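> Sequence and predicted structure are below.
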Amino acid sequence: MKEVLIRPELCMGCRSCEIACAVEHSESKNLFAAVMEKPTPQKRIYVEYVPEYNAAIPMTCRHCEDAPCTTVCPTKALKQDEITRVVTHSTDLCIGCWTCSMVCNYGVIGRQKEARVAVKCNLCPDREIPACVEACPTNALVFLEVKKLSGVKRTEAALKLARGMQGKAL
Amino acid sequence: MEEKNLYPTICPYCSLGCGFFLEIKEGKIAGLSYMPGHPVNEGSLCPKGNASTEVLTHPDRLLHPLLKTENGWKEIGWEEALSLAAAKMGSTLKEYGPDALAFLGSAKCSNEENYLFQKIARLLGTNNVDNCARLCHASTLTGLGKSLGAGAMTNPLSDLENSDCIFVVGSNFAENHPVISRWILRAKERGAFVIVADPRRTPSTWLSDLFLRLRPGTDVALLNGMMHVIVSEGLQDREFIRKRTLGFERLEKILSEYAPEAASAITGVPAGDIIKAAREYAKANAAAILYSMGITQHISGTDNVIACSDLALICGQVGKKGAGIFPLRGQNNVQGACDMGALSEYFPGYGKVGDKEAAARLKKIWAAEKLSEKPGLTTAKMSEAAHAGKLKALYLLGEDPVNSHPDSLNVRKALEKLDFLVVQDIFMTDTAEYADLILPAAAWAEKEGSFTSTERRVQWVSRAIAPPGEAKADLEILQGFAEKLGLGLEYRDAGEVLAEISRAAPMYGGITKERLLQAYGVSWPCPESGHPGTPIMHTERFNTPDGLARLIPVEYRLPAESPEPAYPFLLTTGRTGLHYNGGSMSRRSSFLLEKEPELFVEINPSDAQTMKIEEGNNIILETRRGSTQAKARLTERVSRGVFFMPFHFSGTNMLTGDALDREAGIPEFKVSACRVRRV
Ligand code: SF4
Ligand code: SF4
Ligand code: SF4
């Protein structure tokens, strides 16, 4: 399954992903109208600034294996697809009890104040590439299978090593 | 059936020229979608780009011409508005002569609009025409103009990817031009070494391998220090210096005074780091220098730019893939407004005012009998002239000097002194409040025309929707105004204006609307129609008469103000990731405003402690010009003794000074002496 994977070392905290996510989940998919909408459209990705390390780290739903949020949800508003592992949320079933967010290890289940329902990443089902991934200027967010990302990282590391060796040979 | 049409467009905010599609449904904006094929941004947009459509539908948009009366603003028709503007400018001209008129163009407007604007000024007999580039990159024009023969970015942004060493000085690109990080990070993935020199620890510095935290205003000392190391270790490119430059001996002489220890004493950067930076830069196969307003906005702005250029030249790092000088412009059409001659000392295409040949060519194209030979007033001098009662009437195109010029209280007073001020804009800005007449203009997506990005890429923007209310495209307004003045200037559309531009500005010679409409624009110089454009400049020769670059020695000079007992701190200014310039656009975006709602000042925690200032306290900052209130933000991002404020809120430029660079006339926004107290 493809996931939104994060390469925190590439993030510079610009927050394009947050805006793109909120717009994607608005009624109108248009930023201006989105602001006027009730309930206000919300982002599902959070860029956290860590002052001690001078770093910004994007956080979003990991669609965990045996996702704890789905197991504690009393109404089955949160469900996990057995094959794709995608955790989806149904606002119709949600009673806003907030239990899911209590057990989420990453704190990425937000709350829609006006409608009193949980809000979380649904991997943008209407899109080929999730909005946040497409928006990120630095490719700090990628939409890949975990195995693929390891491959990408290996290629990069190998390239760097090779360049280092070439430097020595010269 | 849902019918959505996609219109390709260019982001109206910063100068990178990112492309995207506007989604139009039933004549209205229905959203934006990404353009993965665009060579600058490959689809992605920064927060401002993502929020750009908010401007189009904002309820604050100006919808009718407005006339100031005793009872406030009165809506009037276009006919009346244009007649009035022409009558007032005309009578001022008759009574006081052409130099009592001034025209301030806009780096937000298209090439065609700026071209027409300066043409009107010059046909009326004055060179009092300028644009806000004077406040951000005038020093790039003069500095790089002198050393390379062209004050423009040498390579495309995406070429940064091919660099082995990227030296960033005075630019917080990660926040201000986030899309650039894409290319820098790609270079890093290939193993490039990134050096960032900045007084502040910014997101751009997080991405660096070496961070040089210099004192504000000491850039020349740093650059000379690096060159000293390069020359004394023999790392310079001797062949390049010999074949393609002039003046090395004189430069070398001056460098002897900038041994790393001496440079370190001035800049505060450890000598070892200066040596390391110099070696990394000089030894790279291809090295790039990227700079922005941290370099340009000083009284030594031109010197700073020249020092950057010297460094690149002695290492032979110009004119090839991955190696070049990248001045990052601020607004979407700073480059274009300058190319079009919306500058007091340059005609379109950078012919100097006063140069007979340049004037002769224009006279022919314009069928004009006479053009003034005396350079006009720059933006700052316009204020002065208004104060002195010499400047009587000002036509302001999409500019907000009250928020964006230094020493803003003084600017306000200057505007009050004018007999007549006409402001053409999309919003009621703080400046427009001073106008006698306001003309509502169209925003970028509501009109057509070409824009030139910071990498010299000329791109066409088509009209996607109609302007709101009675607002009109700037070109149409200017044409109407010119007609009332009896200047003629009949063009069918922007394409026809561009056709004239291609004759007036040689580097636009082969650029036509039809060509720009084919994929992603053309990079100038493009001298004739078959020419493919020039992504990388100076590959064979420089733009100087003999084709050689000039190495010019520059000395470190103290900023206009230094901290002293009465004003013990050093205030520097810049941008944040979520806002833009004077804020007339970005502060109207609720998404952006929500994240950065008010004016703040960054203070080092240990300074704050001595003054008993806590996080979130309201504090008052004072300089010799004025005082302003802001929220304290305690952070190690700034060093002790240095404060930082973003300039998107009206408070900031009350504080900044109006000391000017001798050659470029750019004000020193980056260094002011200040003091602070709690409210
Ligand atoms: S994948 Fe979609 S829903 Fe999830 S964080 Fe990204 S934009 Fe938001
Ligand atoms: S868009 Fe990318 S770089 Fe910007 S904050 Fe999000 S993850 Fe970080
Ligand atoms: S980087 Fe500049 S041009 Fe690109 S989206 Fe952001 S503001 Fe617009």
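Perfect, I can see it now. Ligands and ions are numbered 1, 2, ... in the order given.
> Test my guess that B:N162 contacts B:G324.
No: taking contacts as CB atoms under 8 Å, B:N162 lies outside contact range of B:G324: 10.1 Å. The way it works is simple: take the backbone N, C-alpha and C, and place the C-beta from them, glycine included.
> Same drill for these two, tell me which one is more crowded.
Neighbour totals were compared for B:N162 and B:G324, and B:G324 leads with 25 against 19 (other CB atoms under 10 Å in any protein chain shown).
> Just the pLDDT for residue 31.
Let's take chain A. pLDDT recorded at A:L31 is 52.
> nope, chain B please
81.
> Who does it form a beta bridge with?
B:E23 (DSSP bridges).
> count of neighbours near it?
21.
> roughly how far apart are it and B:Q479?
Look at B:G31 and B:Q479: by CB to CB, to the nearest Å, they are 33 Å apart.
> Kindly report the same for B:L101.
For B:L101, the distance to B:Q479 - CB to CB - is 18 Å.
> For B:D99, give me its contacts.
The neighbours of B:D99, taking CB atoms under 8 Å, 6 or more residues apart in numbering or on different chains as the test, are B:T126, B:N128, B:G376, B:L377, B:K390, B:L391.
> just curious, which of these is nearest to B:L222?
Distances from B:L222 to the contacts of B:D99, taken as CB to CB, are shortest for B:L377 (33.7 Å).
> How about the contacts made by that closest one?
B:L377 makes contacts with B:D99, B:A102, B:N128, B:D130, B:S344, B:E384, B:A385, B:L391, as judged by CB under 8 Å, 6+ apart.
> isn't there a helix covering it?
No: with DSSP: H, G, I helix; E, B strand; the rest coil as the criterion, B:L377 is coil rather than part of a helix.
> Closest residue of chain A to ligand 3?
A:P137 (7.2 Å; CB to the nearest ligand atom).
> Residues contacting the helix or strand hosting B:S181, please?
Taking DSSP states H and E as the definition, B:S181 sits inside helix B:178-189. Contacts with helix B:178-189, where a contact means CB under 8 Å, 6+ apart, come from A:10, A:12, A:14, A:16, A:137-139, A:156, A:159-160, B:16, B:18, B:40-42, B:44-47, B:157-164, B:166, B:168, B:173-174, B:192, B:194, B:204, B:207, B:209, B:290, B:322, B:328, B:577.
> Quick one: mean pLDDT for stretch B:517-530?
Rounded mean pLDDT across stretch B:517-530 is 89.
> B:D159 against B:G324, yeah?
Yes: counting by CB under 8 Å, B:G324 is a contact partner of B:D159 at 7.0 Å.
> Are there residues contacting both of those two? Which ones?
Counting by CB under 8 Å, 6+ apart, the residues touching both B:D159 and B:G324 are B:A288, B:I536.
> got a list of what residue 93 touches?
Picking chain A for this. Applying CB under 8 Å, 6+ apart, the residues contacting A:L93 are A:T75, A:K76, A:A77.
> Let me rephrase: I mean chain B.
Here B:L93 is in contact with B:A100, B:L101, B:L124, B:G125 (CB under 8 Å, 6+ apart).
> most surrounded residue in those?
B:L101 (26 neighbours).
> Which stretches in the stretch 251-400 of chain B count as strands?
B:287-291, B:324-327, B:393-397 (DSSP state E, counting those that start in this stretch).
> Mind putting those into JSON lines with distance to B:T142 and mean pLDDT?
Listed next are the strands of the stretch 251-400 of chain B as JSON lines, based on distance: least, CB to CB, whole Å; pLDDT from 0 to 100:
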{"stretch": "strand B:287-291", "distance to B:T142": "14", "mean pLDDT": "94"}
{"stretch": "strand B:324-327", "distance to B:T142": "12", "mean pLDDT": "92"}
{"stretch": "strand B:393-397", "distance to B:T142": "23", "mean pLDDT": "92"}
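> count of neighbours near residue 112?
Looking at chain A here, since you left the chain open. 16.
> You answered for a different chain; I wanted chain B.
30.
> Might you report the residue contacts of B:P563?
B:F569, B:L570, B:G641, B:A673.
> so the second one, which of the three states?
By that I understand B:L570. Per three-state DSSP, B:L570 ends up strand.
> doesn't B:G641 make contact with it?
Yes: between B:L570 and B:G641 there is a contact under CB under 8 Å: 6.0 Å.
> out of those two, which sits in the more crowded spot?
Taking other CB under 10 Å, B:L570 and B:G641 do not tie; B:L570 has more neighbours (24 against 14).
> Next one: the more buried one relative to ligand 2, how far apart?
Distance of B:L570 to ligand 2, given as CB to the nearest ligand atom, to the nearest Å: 30 Å.
> Return the residues in contact with B:G488.
B:A482.
> Wait, a strand at it?
No: going by three-state DSSP, the assignment for B:G488 is coil, not a strand.
> Ranking by neighbours, what's the top pick from the contacts of B:D99?
B:N128 (28 neighbours).
> mind putting the contacts of B:L377 in a markdown table, pLDDT included?
Below are the contacts of B:L377 laid out as a markdown table (pLDDT from 0 to 100):
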| residue | pLDDT |
| --- | --- |
| B:D99 | 90 |
| B:A102 | 92 |
| B:N128 | 92 |
| B:D130 | 87 |
| B:S344 | 89 |
| B:E384 | 86 |
| B:A385 | 90 |
| B:L391 | 90 |
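> got CSV for those residues, with distance to B:L437 too?
Shown next, in CSV, are the contacts of B:L377 (distance: CB to CB, whole Å):
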residue, distance to B:L437
B:D99, 21
B:A102, 15
B:N128, 19
B:D130, 20
B:S344, 24
B:E384, 24
B:A385, 20
B:L391, 17
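> and these, which of them are in helices?
B:E384, B:A385 (DSSP state H).
> okay, which residue is most central for chain A?
A:T60 (3.3 Å; CA atoms, centre = their mean).
> ok, the contacts of B:L93 vs A:K43, which is closest?
Nearest to A:K43 among the contacts of B:L93, with distances taken as CB to CB, is B:L101, at 49.7 Å.
> For the closest one, give me the pLDDT.
Value listed for B:L101 in the pLDDT field: 91.
> do B:G626 as well
So, for B:G626, pLDDT stands at 78.
> how close does it sit to B:S383?
15 Å.
> okay, the two: which has more neighbours?
Remark: of B:G626 and B:S383, B:S383 carries more neighbours, 25 against 16, as counted by other CB under 10 Å.
> Spatially nearest residue to that one (excluding sequence neighbours)?
Spatial nearest neighbour of B:S383, chain neighbours left out: B:A414 (4.2 Å); criterion: CB to CB, 6 or more residues apart in numbering or on different chains.
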